[in-house]
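>>> what's the 3D shape of this:
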Amino acid sequence: MAKGKDIRVTVILECTGCVRNEVNVNKESRGISRYITQKNRHNTPSRLELRKFCPYCYKHMIHGEIKK
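Numbering: from 1, shown residues only. Okay, here's the model as predicted:
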């Protein structure tokens, strides 16, 4: 039998470097790197942060969990 709440939830990770540099001096918005992954709600109740490659920054950056 399935329980009422799912243990594993889908989360979206967004590059923290792209968000801070979103307003560029020359007003060019290249984009924001985002990844979709899953986490276990019971083992990780806080927000998830992972080092992932950002194609817009051209380096590995910290990607933090955002709201849907």
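
>>> Not counting residues beside it along the chain, what's closest to the residue nearest to the spatial centre of the chain?
The centroid of the chain falls nearest to Leu13 when counting by Cα atoms, centre = their mean (1.1 Å). Counting by Cβ to Cβ, 6 or more residues apart in numbering, Leu13 lies nearest to His63, which is 3.8 Å off, once chain neighbours are set aside. Using the backbone N, CA and C atoms, a C-beta is placed for each residue, glycine as well.

>>> Quickly run through the sheet partners of whichever strand or helix holds that neighbour, with directions.
With elements taken from DSSP states H and E, the one containing His63 is strand 59-66. Here strand 59-66 has these sheet partners by DSSP bridges: strand 8-15 (antiparallel), strand 49-54 (antiparallel).

>>> what's the helix or strand of the chain with the lowest mean pLDDT in contact with?
Lowest by mean pLDDT, DSSP states H and E among the helices and strands of the chain is helix 16-20, with a mean of 81. Counting by Cβ atoms under 8 Å, 6 or more residues apart in numbering, helix 16-20 makes contact with 30-33, 54, 56-57, 61-64, all of which sit outside it.

>>> who's in contact with Ile32?
If a contact means Cβ under 8 Å, 6+ apart, then Ile32 has 14-15, 18-19, 22, 56 as its contacts.

>>> quick one: which of those is nearest Arg41?
Minimum separation from Arg41 among the contacts of Ile32 (Cβ to Cβ) is found for Glu14, which lies at 19.4 Å.

>>> Let me see the contact set for that closest one.
Contacts of Glu14 were listed using Cβ under 8 Å, 6+ apart, and they are 32-34, 63-66.

>>> Check Thr37 too.
Contacts of Thr37 (Cβ under 8 Å, 6+ apart): 10-11, 13, 48, 50.

>>> Give me the buried positions along the helix or strand containing it.
For Thr37, the host element (DSSP H and E) is strand 34-40. Going by neighbour count (16 or more other Cβ atoms under 10 Å), the buried part of strand 34-40 is Lys39.

>>> What distance do you get for Tyr58 to Ile32?
14 Å (Cβ to Cβ, to the nearest Å).

>>> re the thing from before, among the contacts of Thr37, name the buried ones.
For the contacts of Thr37, a neighbour count by 16+ other Cβ under 10 Å gives the buried set as 11, 13.
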